[in-house]
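S.K.: Give me coordinates for this.
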Amino acid sequence: MSTILLVTGTGTEIGKTVTTAAVAALAKAAGRGVAVLKPAQTGVAPGEPGDVDEVLRLAGELTVSELGRFPEPLAPATAAARSGLPPVTPRQVAAEAARLAGSHDLVLIEGAGGLLVRYDATGATLAEVPAELSLLGHAVEALVVVTAGLGTLNTTALTAEALRARSVPLHGLIIGSWPAEPDLAMRCNLADLPEVAAAPLLGAFPENSAGPTVTADAFLPVARAALAPDLGGVWAP
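M.R.: Coordinates of the predicted model:
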């Protein structure tokens, strides 16, 4: 049975794509077949590189899929409505993830923004995808990318609570950007984050560790150092 992981976060621009690429890179290095699904890409015009292209740059060749692309940098539902294009629904996401799971060992679904960002006019969110996949016979767990500093405990706890309310298992947390000189709150959060989320902390990426000049070969050791053994790396708090 293929593993399906939902990569979401407590906000936008906090490291979901880098996390997705790192998990994919380590799984690929271990000989697993990997697919990455980006349900809705916003803020990118047709023909411009998006998140799936960033994953390919960092993780190397693997299967990628994008269901909807909207030019304005807005929440998927708003961006779809303003563009006049059809929105992406949880049922569509689940169907595509199930299709990819039929021929890959690991499927990573990378969301846009946070867990409860709306994807269509009905208020549907990425949090509903696991229930749709369950109807298709597939289990899903979530990886939540979080920030390191003051304020992260509240947003992390709220995201974990939203997952529990929908019976979505939280596989673990990833800190999307860890500074070279962490402050007191950040150091304390290494212990506090797993406590408020009731889930393990499974990695932390050094800030600016995936710049535009970083190649897949250079990124692989970064991924290994930044992720815990559970995800194929060697990181420990």
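
S.K.: So which residues of this protein form helices?
M.R.: Assigned helices in the chain, in chain order: 16-29, 51-59, 76-83, 90-101, 129-135, 152-165, 184-197, 216-226 (criterion: DSSP state H).

S.K.: Run the chain-centre distance for the fourth one.
M.R.: Its chain's C-alpha centre and that of helix 90-101 lie 16 Å apart, by C-alpha atoms, centre = their mean, to the nearest Å.

S.K.: Show me what the mean pLDDT comes to for that helix.
M.R.: The pLDDT scores in helix 90-101 average 98.

S.K.: List the buried residues for that helix?
M.R.: The neighbour-count check on helix 90-101 (16 or more other C-beta atoms under 10 Å) flags P90, Q92, V93, A94, E96, A97, A98, L100, A101 as buried. Any C-beta I mention is one placed from the backbone N, CA and C, and that applies to glycine too.

S.K.: what sits against L173?
M.R.: Applying C-beta atoms under 8 Å, 6 or more residues apart in numbering, one finds that L173 lies in contact with L143, V144, V145, V146, T156, L193, P194, A197, A199, P200, L201, L202.

S.K.: what pairs with the closest residue to the last one other than its chain neighbours across the strands?
M.R.: Translated: L202. Excluding the flanking residues, the one nearest L202 by C-beta to C-beta, 6 or more residues apart in numbering is G172, at 3.7 Å. Using DSSP bridges, the bridge partners assigned to G172 are L143.

S.K.: Do you know the pLDDT at G172?
M.R.: Each residue has a pLDDT score; the one for G172 is 98.

S.K.: if I read this right, it contacts L227, doesn't it?
M.R.: No. Between G172 and L227 there is no contact under C-beta atoms under 8 Å: 9.7 Å.

S.K.: what do these two both touch?
M.R.: Shared contacts of G172 and L227, defined by C-beta under 8 Å, 6+ apart, comprise L202, G203.

S.K.: higher neighbour count, these two?
M.R.: Each of G172 and L227 has its neighbours counted (other C-beta atoms under 10 Å); L227 has more, 24 against 20.

S.K.: Where does pLDDT dip in this structure?
M.R.: Regions of the chain meeting the criterion pLDDT under 70 are absent.

S.K.: One more pass at 80, please.
M.R.: Within the chain, the stretches with pLDDT under 80 are 1.

S.K.: number of nearby residues for G31?
M.R.: Residue neighbour count, defined by other C-beta under 10 Å, stands at 7 for G31.

S.K.: what does G9 give?
M.R.: So G9, with other C-beta under 10 Å, has 28 neighbours.

S.K.: Was I right to think it contacts A142?
M.R.: No. Under the criterion of C-beta under 8 Å, G9 makes no contact with A142, lying 10.1 Å away.

S.K.: Would you mind grabbing the residues shared as contacts by the two?
M.R.: Residues within reach of G9 and of A142 at once, by C-beta under 8 Å, 6+ apart, are L115.
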